[in-house]
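In: Take a look and give me a structure for this.
(one chain, ligands or ions: 1)
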Amino acid sequence: MPYAEIIRVLLIEDNPADVRLLRECFSELSDVLFLVHDANCIASSIQLVSEKHFDVILLDLSLPDSIGLETLHRMHTQAPDIPIIVLTGMSDDALALTAMRHGAQDYLLKGQFDINLLSRAIRYTIERKRAEAEIKKLAYYDTLTGLPNRVLFSDRLKQAIVMAERDKKDLALLYLDLDQFKYVNDTLGHAYGDRLLKISADRIQGCLRSSDTVARIGGDEFVIILSLLSGGDDVPKVADKILETLRKPVQFENHTIHTSASIGIALYPENGATVDELLKNADISMYQAKEKGRNNYQFFSEEMNQLALARQVIESNLRQAMVRNEFFLVYQPLFDIASRTIIGFEALIRWHHPQHGDMLPPQFINIAEETGMIVAIGEWVLRTACRQARQWHNGGSNGLRISVNVSASQLKHDSFLDIVASALKESDLPPGCLELELNESTIIEQGEKNIPILKKLKKLGVSLAVDDFGTGYSSLSYLKHFPIDRVKIDGTFVRDITPGGDNAAIAEAIIFMAHSLKLNVVAEGVEQEKQYSFLHNSKCDELQGFFMCHPLLPEDIIPLLRTYTTLTH
Ligand SMILES: Nc1nc2c(ncn2[C@@H]2O[C@@H]3COP(=O)(O)O[C@H]4[C@@H](O)[C@H](n5cnc6c(=O)[nH]c(N)nc65)O[C@@H]4COP(=O)(O)O[C@H]3[C@H]2O)c(=O)[nH]1
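Out: Okay, the predicted model is just below:
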């Protein structure tokens, strides 16, 4: 009959009679095959565990070359993952307890057990050791990638700092964030996101030596400890290698994902003496790498630290700005190119900072987005802009459109639809006069998950525009799945339009394709007459830019509406 189980036993016993007796006992069992190797001293046992795999060790504490707890200690140190059962003739409760505390799983007295008891003890011991290993794995390792988690990473970094201090060596901490993870997770789903994480983990590990540690400490955040470097000269090489390997496209069935990463680097001891300091400064540098366009690495610098501190101040000021009424809106006219009239305005936020004066959105809107404050700020913008448009209508400029920027977190917020409906109701603005501008990445970020909310907004009667078109990775043919009305060509294309140049060709192609998909086209950032003429000839529908008019305060708009309702250039 085949055995249900095979258990490999290392029997460490110097008494040949005991060895014979135990071997005979083991052979009595019919359901389990015990493959027994024996050794009569600690030296040969150590040799055996380094050569062969064992499931359990049966250990006599009195050996010719080692005695008592010392025997247990030496064996446990050598084979920490193999469960050990002490088999002894010494009936000593205190010793039994100490042995258990020092790594023994069980303590059995010779002559006081039969094979059934021993067999049960062995199986129970193996099972317990397996469970312990599993618990340890869950506590210290990330289940998805198998890499150390934050807890084990902190411990390893602490140890690495001690070693670096002792050996007077340098140490580098790399903080790595995958650039496209959120996009993959949101558009293709979590299963693909998880696959991307595993692939990235393997790729990062492939760039490192076995003495380096890589850990996953957050969703798409990895940290790498590079130890024993001299002067940090190797760090750029390693960072480059990691960036290069992560840049290779990932193929998922029908999808090719173009990936990249941003890495921040902090050096020990220059940039921090503790785990927390190094981690904070590497994180600051990673943030800088993101700001610098992703797919690059940045070393920590004091200047960076100052920037991060300044950012913290802005963040805390921003929290008070709403209550202190420090925000205001300016409005930039949108011109219809054919009739040369102002057909609407884009509302643009400004912040009157008590110390820094008037601040532009690029100085604070990202912080508002990252901290979630944009939801409340955006609601204020929406309500204020709708009320303002209603006033213009009341003043005789019926039908003027008001465009309001909406960020991704606003769109994702449960109450966004209700807020838009309530802003319209409260201001009594016809829904057809409100346009919501969503930038390209906001629309595609969540993929087709966005379609229901966009359809509901359309049902309210508002129109939808894709802002900054051309800066992301989407195509018009993809965007046609979304219920949008208008495309705004990003100012960067418009600014560099030269007849026959690439940007002119791109702008023309966007206008042509948008029209064939029955979408209206606005060109933003028009600064010069030649851009205006080109867009006019290319049949662009609407224009916005300093060439026609800068963003204005509401009080400057009334006379503009009275006098300049047509393009005068
Ligand atoms: N160089 C140049 N620039 C021109 C020209 N014409 C217009 N601009 C600027 O281009 C930006 C157009 O707005 P956007 O693409 O929606 O880009 C906006 C928008 O994405 C965001 N933003 C502004 N207000 C809000 C808001 O209330 N909520 C949200 N979520 N984002 C906002 O901040 C961005 C920047 O806003 P602003 O600094 O006001 O900058 C405005 C405007 O002043 C031109 O001819 N040349």
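In: ranges for the helices of the stretch 351-500 of the chain?
Out: For the stretch 351-500 of the chain, the helices defined by DSSP state H, counting those that start in this stretch occupy 365-371, 374-394, 408-412, 416-427, 440-445, 451-460, 476-479, 491-495.
In: I'd like to know which of those helices is closest to the ligand.
Out: The minimum distance between the ligand and those falls on helix 374-394, with 4.0 Å, by CB to the nearest ligand atom. C-beta here means a position set from N, CA and C on the backbone, and glycine is covered the same way.
In: Find the nearest non-adjacent residue to the residue of the stretch 1-150 of the chain found nearest the ligand, please.
Out: Using CB to the nearest ligand atom, the closest approach of the stretch 1-150 of the chain to the ligand is made by Arg150 at 32.7 Å. Take Arg150 and drop its neighbours on the chain: the residue closest to it by CB to CB, 6 or more residues apart in numbering is Ile217, 4.3 Å away.
In: Quick check: the one you found touching Leu152?
Out: No. If you go by CB atoms under 8 Å, Ile217 and Leu152 don't touch, sitting 10.0 Å apart.
In: measure the residue nearest to Arg150 to the ligand for me?
Out: Per CB to the nearest ligand atom, to the nearest Å, Ile217 is found 30 Å from the ligand.
In: who touches the residue of the stretch 1-150 of the chain closest to the ligand in this structure?
Out: 215, 217-218 (CB atoms under 8 Å, 6 or more residues apart in numbering).
In: Return the subset of the residues you listed lying in strands.
Out: Among the contacts of Arg150, DSSP state E puts Ala215 in strands.
In: out of the contacts of Arg150, which are buried?
Out: For these, a neighbour count by 16 or more other CB atoms under 10 Å gives the buried set as 215, 217.
In: Could you export the contacts of Arg150 to TSV, including columns for pLDDT and distance to Asp234?
Out: As requested, the contacts of Arg150 are exported to TSV (pLDDT from 0 to 100; distance: CB to CB, whole Å):
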residue	pLDDT	distance to Asp234
Ala215	97	19
Ile217	95	23
Gly218	91	26
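In: between the contacts of Arg150, which is closest to Leu196?
Out: Nearest to Leu196 out of the contacts of Arg150 is Gly218 (CB to CB; 14.6 Å).
In: Per-residue pLDDT of the nearest residue to that closest one once chain neighbours are set aside, please?
Out: Distances taken as CB to CB, 6+ apart place Arg150 nearest to Gly218, at 7.9 Å, with adjacent residues excluded. pLDDT, Arg150: 95.
In: Could I get the full set of strands for the stretch 51-200 of the chain?
Out: Ranges of strands in the stretch 51-200 of the chain, per DSSP state E, counting those that start in this stretch, are 56-59, 62-63, 66-67, 84-88, 104-109, 170-178.
In: Surely Val275 and Arg156 touch.
Out: No. With contact defined as CB under 8 Å, Val275 does not reach Arg156; the gap is 9.6 Å.
In: Flag every residue of this protein that's near the ligand.
Out: Within the chain, the positions near the ligand by CB under 6 Å from any ligand atom are 332, 348-349, 360-362, 365, 374, 378, 381, 405, 407, 437, 467-468, 491, 524-527, 544-546, 551.
In: So which of these are in strands?
Out: Per DSSP E, these map to strands at 332, 348-349, 405, 437, 467-468.
In: can you pull the buried residues of stretch 7-15?
Out: Counting neighbours by 16+ other CB under 10 Å, one finds that the buried residues in stretch 7-15 are 7, 9-14.
In: Could the C-alpha coordinates of it be exported in PDB?
Out: Only the C-alpha atoms of stretch 7-15 are listed here, as PDB (Å, rounded to 0.1, in the frame of the first residue of the first chain):
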ATOM      1  CA  ILE A   7       8.600  12.400   6.700                       C
ATOM      2  CA  ARG A   8      12.400  12.900   6.600                       C
ATOM      3  CA  VAL A   9      13.800  12.500  10.100                       C
ATOM      4  CA  LEU A  10      17.300  13.400  11.400                       C
ATOM      5  CA  LEU A  11      17.900  11.300  14.500                       C
ATOM      6  CA  ILE A  12      20.800  12.700  16.600                       C
ATOM      7  CA  GLU A  13      21.600  10.100  19.100                       C
ATOM      8  CA  ASP A  14      24.900   8.600  20.200                       C
ATOM      9  CA  ASN A  15      23.500   5.400  21.800                       C
END
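In: Could you list the residues in contact with that stretch?
Out: With CB under 8 Å, 6+ apart as the criterion, stretch 7-15 contacts 19, 22-23, 26, 32-42, 45, 48-49, 52-60, 62-64, 75, 82, 87, 122-123, 126.
In: Next: stretch 137-147.
Out: Counting by CB under 8 Å, 6+ apart, 148-149, 151-152, 194, 197-198, 201, 205, 214-216, 222 sit against stretch 137-147.
In: so of the residues you listed, which ones are in helices?
Out: 151-152, 194, 197-198, 201, 205 (DSSP state H).
In: picking that back up, redo the helices of the stretch 351-500 of the chain as JSON lines? Include mean neighbour count and mean pLDDT.
Out: Shown next, in JSON lines, are the helices of the stretch 351-500 of the chain (neighbours: other CB atoms under 10 Å; pLDDT from 0 to 100):
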{"stretch": "helix 365-371", "mean neighbour count": "17", "mean pLDDT": "91"}
{"stretch": "helix 374-394", "mean neighbour count": "19", "mean pLDDT": "97"}
{"stretch": "helix 408-412", "mean neighbour count": "19", "mean pLDDT": "92"}
{"stretch": "helix 416-427", "mean neighbour count": "17", "mean pLDDT": "98"}
{"stretch": "helix 440-445", "mean neighbour count": "21", "mean pLDDT": "81"}
{"stretch": "helix 451-460", "mean neighbour count": "15", "mean pLDDT": "95"}
{"stretch": "helix 476-479", "mean neighbour count": "15", "mean pLDDT": "80"}
{"stretch": "helix 491-495", "mean neighbour count": "19", "mean pLDDT": "88"}
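In: can I get those helices in TSV with distance to Glu555?
Out: Shown next, in TSV, are the helices of the stretch 351-500 of the chain (distance: least, CB to CB, whole Å):
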stretch	distance to Glu555
helix 365-371	24
helix 374-394	11
helix 408-412	28
helix 416-427	19
helix 440-445	32
helix 451-460	30
helix 476-479	37
helix 491-495	26
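In: can you tell which of those is closest to His102?
Out: Within the helices of the stretch 351-500 of the chain, the stretch nearest His102 is helix 365-371; the backing value is 50.5 Å (CB to CB).
In: and that closest one, what does it pack onto?
Out: helix 302-321, helix 374-394 (3 or more CB pairs under 8 Å, 6 or more residues apart in numbering; DSSP states H and E).
In: which one of those helices lies closest to Lys182?
Out: helix 374-394 (16.6 Å).
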